[in-house]
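> based on what follows, work out the 3D shape:
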Amino acid sequence: MTTKSLSIPLDFPFPSPKAHPLPTLHPKIQFPCKFPLFSLPQRIQFLRNQCPPKCQNHNDNNNPVPYTSQQEAHFTETQEAISQFLQEFGISAAESNSIALNSPKYAKMLFDSVKDLEAWTSWKSGGDGNEFATLGFKEKVAYMAKEKGDNGKVAFLESLGLSLSSSMNVARYLHGESLPNLIHKVKYMKEILFSDSDDKRLVGKYARCMMMNLSIPIDEDLQQTLSLFEKVEARRGGLDMLGSSEVTFRCLVESFPRILLLPLDLHLKPMVEFLESIGVPKEHMREIFLLFPPVIICDITGISRKVQALKKVTFHVWAFDKDFGKMLLKYPWILSTAIQKNYKEIVSFFHMEKVAKSSVDMAIRSWPHILGCSTSKLEVMVEQLAELGIRNKKLGQVISKSPQLLLRKPQEFLQKLAGASAASQPDGGISSPQGQLCLMSVVVLFLEDLGFDRETVGQVASRCPEIFAASIEKTLNKKIEFLDRIGVSKDHLPRVIKKYPELLVSDVNRTILPRMKYLKDVGLSKKDIAFMVRRFSPLLGYSIEEVLRPKYEFLVNTMKKPVEDVVGYPRYFSYSLEKKIMPRFWVLKGRNIECSLKDMLAKNDEEFAADFMGF
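Predicted coordinates for the structure are as follows:
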């Protein structure tokens, strides 16, 4: 469809759609070049003349006036004209129709502009010689669309979910971008950002976790990212919709309009390839871009420089390629300037606490959210662990095994014990840690109630720090109840837990019960198993296929001993089959010596040689 070269009168009593000089007038339509300025009363009178009383509230949202059948027909023609106008830029008919149908506010803007222009020209000419009225309605709409100067980009942006005002603002950034290239770029970005994931809410869950553990001053990139999260949170469904294209893409474009200016072949695709080269799977690229959109905009050289800096201070060369992509997926914010700066402060803090840097780096690789935590917050948790005797090397062992412990909120981890109240203080404040008010972990109280002294609690914490991150009601109490049901009474709990504290955080259905079932299947009773657990609690932590089955089969099939022998000595399962059980058995068999499992395995090499080999 071709459009005639028309122009809008300069004294049109409404804001002109374009601020730049207007094109040459159509030869059949003669408008004077200069008009006197219209005062506000004249404009109001113009509106009253053109709109009958029943239409005076046409724009009143509380009393909307429906379109007449003729207006509806014209509105349909408007959408058809938009579709035909878009096809002039090389867009397919199907795609043009989709854009036209999904940009109703843009269509209404053109529709209203045409109707206002028709009314204006009719009023100025007094109904005589109005050549503008001889043009077809679609032709007028197409002319108005062309006159906007955005070349169809506003309609396309509205079809993506942006408001009309946002579409017009973003379109200004895209003045030199062609519509076909823009559409192709958006399709590529949507494919990367919103892949067919089974759980689109997972990205929102990651975002909440990252925000919850952020307690340091932020830079501009993080500020923009948090602003995006706020926009998504304000929508229906909240942050759970961060992985949904319907909600997030328009918020992303509004917050970072520059992403639509990035060249596809020279920037976007190379950025994806670079992230793949450092261990980020393409199917998980969306987590990086949605949780930290500035990565999309950043120069690849700058990102590479930050990655190499982290490589030097955090990773051994052999582990970098394998682990860095995983760490980046867990915490894309590590590429921000604020987080990288905080890394140096965290390393310095733990150096003062005499914790090995290797332990700190291991904790960061396992749970990089630590990098968003201030050292003042970390200090609170470190002080509490120190009260349990967990310092220096032990502290390094704890944070490398359970780094999440450092991010616990003080109010979740601490509890007031006996001591003077704040009112007893001269200034009405809370006493210092050296004063009468003592703060300790509720988990410590739980373990002390089971019969542990303070030193043993520290040993348990060093062995299995995950206990301190566990819920007492949902995890620890339920494990105690389970052990009681299988025959491990409260009197035996201190010994059982001290030997194998991991039992308190093991999954009952996936870990403990399958091992018990296997032991029952080979001929042991529930009473036998309870007795074995009381004597050697790590028994229920051993792998069935790698430990229990091969050692049982060697005991019964090769050693020809009854399975009941392990009831009296369950530690049998703790020894290496290849390095200890088999060699000693073959020595005894070669000398025709029969002995118990304990006599065969409990002795050290010198004692075994002296007792059974005559050395």
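
> got a pLDDT number for the residue nearest in space to the middle of the chain?
Centroid check for the chain by CA atoms, centre = their mean gives Y206 as the closest residue, at 2.6 Å. pLDDT for Y206: 91.

> and if you look at the one 3 residues further on?
In the predicted model, C209 carries a pLDDT score of 91.

> buried set for the helix or strand containing it?
Assigning secondary structure by DSSP states H and E places C209 in helix 202-212. Neighbour-count burial for helix 202-212, with 16 or more other CB atoms under 10 Å as criterion, is recorded at 203-204, 206-207, 210-211. Yep, even glycine has a C-beta here, placed from its N, CA and C like the rest.

> quick one: contacts for C251?
Applying CB atoms under 8 Å, 6 or more residues apart in numbering, we find C251 in contact with 228, 231-232, 235.

> hmm, 6 Å instead?
Residues near C251 by CB atoms under 6 Å, 6 or more residues apart in numbering: 228, 231-232.

> circling back: and the buried residues of helix 202-212, which two are the farthest apart?
V203 and M211 (12.8 Å; CB to CB).

> which residues are common contacts for those two?
Common neighbours of V203 and M211, counting by CB under 6 Å, 6+ apart, are absent.

> shaky segments in the stretch 151-300 of the chain?
195-199 (pLDDT under 70).

> can you map out the strands along it?
With DSSP state E, counting those that start in this stretch as the criterion, the stretch 151-300 of the chain has no strands.

> which residues in it form helices?
153-159, 164-173, 179-193, 202-212, 220-233, 245-255, 269-277, 285-291, 294-297, 300-314 (DSSP state H, counting those that start in this stretch).

> ok, which of those comes nearest V508?
Between V508 and these, the tightest spacing by CB to CB is seen for helix 202-212, at 24.9 Å.

> any idea how far C209 is from L291?
Separation of L291 from C209 (CB to CB, to the nearest Å): 10 Å.

> now swap in E606 and tell me
54 Å.

> check A309 too.
Using CB to CB, one gets 25 Å for the distance from A309 to C209.

> point out where the stretch 1-150 of the chain drops to low pLDDT.
Those would be 1-71, 121-134, if you go by pLDDT under 70 across the stretch 1-150 of the chain.

> go again with 80.
1-74, 117-135 (pLDDT under 80).

> can you count the residues close to the closest residue to R463 other than its chain neighbours?
Computed as CB to CB, 6 or more residues apart in numbering, the closest residue to R463 that is not its neighbour in sequence is P501, at 5.3 Å. By other CB atoms under 10 Å, 20 other residues sit near P501.

> quick one, what contacts P501?
460, 463-464.

> quick one: which of those residues is nearest P217?
Of all the contacts of P501, C464 has the smallest distance to P217: 34.9 Å, by CB to CB.

> could you measure from that closest one over to P403?
Distance of C464 to P403, computed by CB to CB: 14 Å.

> do E80 as well
Counting by CB to CB, the gap from E80 to P403 is 61 Å.

> looking at the two, which is more packed in?
Neighbours were counted for E80 and for P403 using other CB under 10 Å; P403 has more, 22 against 18.

> that one against S366, yeah?
Yes - between P403 and S366 there is a contact at 5.4 Å, judged by CB atoms under 6 Å.

> against which helices or strands is the helix ranked longest in the chain packed?
Identified as the longest helix of the chain according to DSSP state H is helix 104-125. For helix 104-125, the elements it packs on are helix 69-87, helix 137-148, helix 153-159, judged by 3 or more CB pairs under 6 Å, 6 or more residues apart in numbering; DSSP states H and E.

> list the buried ones in it?
Buried positions in helix 104-125, judged by neighbour count with 16+ other CB under 10 Å: 104, 106-107, 109-111, 113-114, 116-118, 120-121, 124-125.

> check stretch 273-283 too.
Using 16+ other CB under 10 Å as the test for burial, stretch 273-283 gives 275, 278-280.

> burial measure for G90, as a count.
Using other CB under 10 Å, G90 has 11 other residues around it.

> that one contacts P180, correct?
Yes - the pair G90 / P180 is scored as a contact, 5.1 Å apart, by CB under 6 Å.

> hang on, A142 packs against Q87?
No - between A142 and Q87 there is no contact under CB under 6 Å: 10.8 Å.

> for these two, indicate the residue with more neighbours.
The neighbour comparison of A142 against Q87 (other CB under 10 Å) goes to A142, with 23 against 16.

> that one and F85: what is the separation?
5 Å.

> next: I218.
44 Å.

> any low-confidence regions in the stretch 301-450 of the chain?
Across the stretch 301-450 of the chain, the ranges flagged by pLDDT under 80 are 309-323, 384, 387-388, 408-444.

> would you state the helices of it in chain order?
Counting by DSSP H, counting those that start in this stretch, the stretch 301-450 of the chain has helices at residues 317-330, 337-352, 357-366, 375-387, 392-401, 410-413, 442-449.

> deepest in the core, which of the ones you listed is it.
Mean neighbour count (mean count of other CB atoms under 10 Å) peaks for helix 392-401 among the helices of the stretch 301-450 of the chain, with a mean of 20.

> who's in contact with S366?
Contacts of S366 by CB under 6 Å, 6+ apart are P403.

> and with 8 Å instead?
400, 403.

> L406 versus that one, what's the distance?
Taken as CB to CB, the span from S366 to L406 is 11 Å.

> and S227, by the same measure?
Here the distance between S227 and L406 works out to 28 Å (CB to CB).

> which of those two has more neighbours?
Taking other CB under 10 Å, S227 and L406 do not tie; L406 has more neighbours (22 against 13).

> and the gap between the more buried one and K344?
For L406, the distance to K344 equals 17 Å [CB to CB].

> tally of neighbours for R510?
For R510, using other CB under 10 Å, the count is 8.

> so it sits in a helix?
Yes - looking at R510 with DSSP: H, G, I helix; E, B strand; the rest coil, it is inside a helix.

> per-residue confidence for it?
Looking at R510, its pLDDT is 89.

> what sits against it?
Here R510 is in contact with no residue (CB under 8 Å, 6+ apart).

> and the gap between it and I544?
Distance of R510 to I544, given as CB to CB: 12 Å.
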